[in-house]
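Asks: Model the following, please.
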Amino acid sequence: MKRISFFILLMVLITGLLVGCDELLEDGDIIEEEGNLSITAIIPEELQGAEVETLYLGDISLNEVVFTVEKDDQSFTETVEPEREIEVVFPELSSGNWEVTVEAVDTEDNKVALGTETATVAPDTTTDIDIEMELVNGDIELSIIVFEEDVDSVEIILEDLIGDQDIEETISDPDEEINLNFTDLAPRKWNLKVIIDDQISAQKDINVLPGRTAVVEISFDQGDLTINVTWDLPPASPLNVMAEYIEEDGEIVVSWDQVDEADGYLVYRGIDDDEKQSRKYIAKVEEPGTEFTDQDIEKGKPYNYWIVSYRGEFTSAFSFPASVATDVFSVSGVVVDEDGTGLEGIELVFYCNVSAGIVETDADGYFAISGLEGEVTITPDEDNYYFEPYNITVDEETDDIIFVAYDPVDTGLSSDYFGLEDGAEQSYRMTVETEDESDEIEFTQTIIHEETKDGMDIFKVEQDSDWFMGDHYRTRYNNKYSMFDNYDQINNPDLSMFAFEAPINEGDTVIFDGIELEAKEKIREDVQAGTFDTWIFYGQEEFEYDDEVDKIEFYYGITPYLGILAIYAEVEVIDKETGETLETASIMLELTDYDFN
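Replies: Modelled structure (predicted):
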């Protein structure tokens, strides 16, 4: 009997039956084959700040890039932040031809670049396509006021300085004001000539911007010529926004760099992580001011500030936020051994958003650090001890932190990390509980060293039950440990059902049946087989079916020398239509006995 996936096994135990494949489909049902579509879009270099001679884009700033795929009555959209090159994957699309559209949108909600392509999605594979986006076209709105009398004709020539799309218009017996619109122009530099009665009277280079209208006003008045060219462009976003808490004055000073051609600045403030929900307008600062003092604050709260520049009715995108805490604090404590004696030289790492500091205990085991902000996690870092608690998180002044250091548990068994000794035996008990019933399975695994091949030790694990993993293979190559369903998979690491590297550290990951689990903490775990120092990994996954969603949370314990010590999982089965919980269950796998040579 083939090994059953742990997750499938779990659902089988919960439902109490295994439905055959022939029962899943009614006669005449059709399974639509699916594949993945990976789209890489390349933003035009003009929109990435590159020096391009043919076009100056002024202060156009990209806000988002929108990917859309459509086929028949199906449509899916993904919106991402702009980068020079962006990859988006649409998973599980039905096979066939999909129309792909990628749009770059600026901060004024104008579409400024576009790319389209037809992609053929093949079943059970990932189709890759590249889309070179192009700038969309723009317009010119021309107004000419001629004050001289007896003008017979006005000729307007719009010369394409890069291509060959020249445009000419001749107006006989013109009115005093001439208005023309030139639409769908390529976004580049154009030369505008106005010829009155066969003489060039005005000439100017004009940048046609993507998705924008250039408004050109030309007036002739008794020999004087005036040419105004404006775009509906916002000013640039302010840079180098900084916020500083002045504790003695109880205020926050916000500053930023001046923006060319801005009329002033708008100040926004927020107090939580959700920028769009939390930020509120609080003040206007007119040019040339580039500083604002916020006195309406509460000590102890963190604040975020954004600055927006404005010119007339146009505003820039929000600046990057400047964050500041209005309270700082100190923490202190002690690290002792099991007898209560202080330990010298124990390193403690303080983490906030980034590493906030590292200190060592003094001769009596005491430590202290000041100037902390926000939420800070303190973790003792010493390989020769197991600490209780594993770490502590604080967000205020604290002087009574105590870490107890224990000597590691010595099993006296194997020098290996994964129970890989020829002839070793390990016994487990698996318990599954639902709301209505409980089931229990016991099995034993015998480890047999089969061969060493190219530096890799290969072990066969024979199990006296097909439940959980059944017979399988484990390998050791240097410090890399893997588990495979059968021998033929050993040469392909991607096919492993379990893999990790030793020694384990916080934040390391293991892959178990395709789910990534992260090492969260090292604890002292009691199971029937004894007490062991154990790394606890955590992960969660959702499995979606036609009528339900299965949510699984996993706690996975790996112990040096013995390998898998315990697994605990919680499952919730949810009705997709109503959101109602249909079933809950838990599963516990623990080591009950072991026998090493």
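Asks: Could I get the buried residue list for stretch 84-93?
Replies: For stretch 84-93, a neighbour-count test (16 or more other CB atoms under 10 Å) marks 86, 88, 90, 93 as buried. C-beta: built from backbone N, CA, C; applies to glycine.
Asks: Can you tell me which of these comes closest to residue 518?
Replies: Nearest to residue 518 among the buried residues of stretch 84-93: residue 88, at 25.3 Å, using CB to CB.
Asks: Now that the closest one has come up, it's in contact with residue 76, right?
Replies: No - applying CB atoms under 8 Å as the test, residue 88 and residue 76 come out as separate, 10.2 Å apart.
Asks: Would you map the strands across the stretch 151-300 of the chain?
Replies: Using DSSP state E, counting those that start in this stretch, the strands assigned to the stretch 151-300 of the chain run over residues 153-160, 167-172, 177-185, 189-196, 199-207, 213-221, 224-231, 242-246, 251-255, 264-270, 280-286, 291-294.
Asks: which residues does residue 61 contact?
Replies: Neighbour list for residue 61: 106-107, 234, 236-237, 316-317 [criterion: CB atoms under 8 Å, 6 or more residues apart in numbering].
Asks: gap between it and residue 110?
Replies: To residue 110, residue 61 is 11 Å away according to CB to CB, to the nearest Å.
Asks: just residue 197 next, same as before
Replies: For residue 197, the distance to residue 110 equals 39 Å [CB to CB].
Asks: what's the answer for residue 245, then?
Replies: From residue 245 to residue 110 the distance is 38 Å (CB to CB).
Asks: pull the helix or strand with minimum mean pLDDT from the chain.
Replies: The weakest-scoring helix or strand in the chain, judged by mean pLDDT, DSSP states H and E, is helix 21-24 (a mean of 36).
Asks: May I have stretch 470-478 as PDB, with CA atoms only?
Replies: Listed next in PDB are the C-alpha coordinates belonging to stretch 470-478 (Å, rounded to 0.1, in the frame of the first residue of the first chain):
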ATOM      1  CA  GLY A 470       4.600   3.600   6.100                       C
ATOM      2  CA  ASP A 471       7.900   2.200   4.800                       C
ATOM      3  CA  HIS A 472      10.100   5.000   3.500                       C
ATOM      4  CA  TYR A 473      13.700   6.200   3.200                       C
ATOM      5  CA  ARG A 474      15.800   8.700   5.100                       C
ATOM      6  CA  THR A 475      19.100  10.200   4.000                       C
ATOM      7  CA  ARG A 476      22.000  12.100   5.600                       C
ATOM      8  CA  TYR A 477      24.400  14.100   3.500                       C
ATOM      9  CA  ASN A 478      26.700  16.300   5.600                       C
END
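Asks: Centre of the chain to that stretch, how far?
Replies: Stretch 470-478 sits 34 Å away from the centroid of its parent chain (CA atoms, centre = their mean, to the nearest Å).
Asks: please renumber so the chain begins at 48
Replies: OK, 48 is where the count begins now, so the last one is stretch 517-525.
Asks: Over to residue 93: give its phi and psi.
Replies: Torsion angles at residue 93 (phi, psi; degrees, to the nearest 10) stand at phi -60, psi -30.
Asks: doesn't residue 182 make contact with it?
Replies: Yes - using CB under 8 Å, residue 93 is in contact with residue 182, at 6.5 Å.
Asks: List phi and psi for residue 285.
Replies: Backbone torsions of residue 285, given as degrees, to the nearest 10, read phi -60, psi 140.
Asks: Quick check: it touching residue 314?
Replies: No - using CB under 8 Å as the test, residue 285 is too far from residue 314 to be in contact (10.1 Å).
Asks: still on that earlier bit, quick check: the two most widely separated of the buried residues of stretch 131-140?
Replies: Using CB to CB, those span at most 18.4 Å, a distance reached by 133 and 140.
Asks: tell me the pLDDT at residue 190?
Replies: With respect to pLDDT, residue 190 scores 87.
Asks: In contact with residue 359, which residues are there?
Replies: Here residue 359 is in contact with residue 310 (criterion: CB under 8 Å, 6+ apart).
Asks: What about it? Give its phi and psi, please.
Replies: Here residue 359 shows phi and psi, under degrees, to the nearest 10, equal to phi 60, psi -130.
Asks: In three-state terms, label the residue sitting furthest away from the middle of the chain for me.
Replies: Most distant from the centre of the chain: residue 197, at 67.3 Å, with distances by CA atoms, centre = their mean. Put simply, residue 197 is coil when judged by DSSP: H, G, I helix; E, B strand; the rest coil.
Asks: All set, thanks.
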